[in-house]
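[1] how would this look folded up:
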Amino acid sequence: MEKTFKEKYLAHEVELEAIDDYIIAWNNSDTKETLAKFLGLNKEEETAWVEDSDDALFDLLEAQRK
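    Residues are numbered from 1 along each chain as shown. Prediction:
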């Protein structure tokens, strides 16, 4: 199974801008998953992203990066 955006981001395999590629892949897929699940985001991260900004999501994810 391929890693989610969040898994790859936290592992330093992609940068935040790669989220756009994942959104395009989700839009072009037949998956029944929500976008948040497809990206690997939890509810707090999804809410920050949707209700606040990309920067709010970045801050939450960056705090989890090792």
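[2] how far away is the residue most central in space within the chain from Leu57?
    Compute the mean C-alpha point of the chain, and by C-alpha atoms, centre = their mean the closest residue is Leu39, 4.0 Å away. Per C-beta to C-beta, to the nearest Å, Leu39 is found 9 Å from Leu57. Bear in mind the C-beta positions are built from the backbone N, C-alpha and C, glycine included.
[3] do Leu16 as well
    Taking C-beta to C-beta, one finds Leu16 at 8 Å from Leu57.
[4] who's more crowded, these two?
    Per other C-beta atoms under 10 Å, whichever of Leu16 and Leu57 has more neighbours is Leu57, with 23 against 14.
[5] how close does Glu13 sit to Arg65?
    If you go by C-beta to C-beta, the gap between Glu13 and Arg65 works out to 11 Å.
[6] look at the residue in the chain sticking out farthest from the centre and give its secondary structure.
    In the chain, Asp30 marks the outermost C-alpha relative to the chain mean, sitting 18.2 Å out by C-alpha atoms, centre = their mean. Each residue gets one of three states, and Asp30 gets coil by DSSP: H, G, I helix; E, B strand; the rest coil.
[7] check it and give its pLDDT.
    As predicted, Asp30 sits at a pLDDT of 96.
[8] next one: Leu39
    We have a pLDDT of 97 for Leu39.
[9] equivalent analysis for the one 3 residues further on, please.
    Confidence at Asn42, expressed as pLDDT, is 97.
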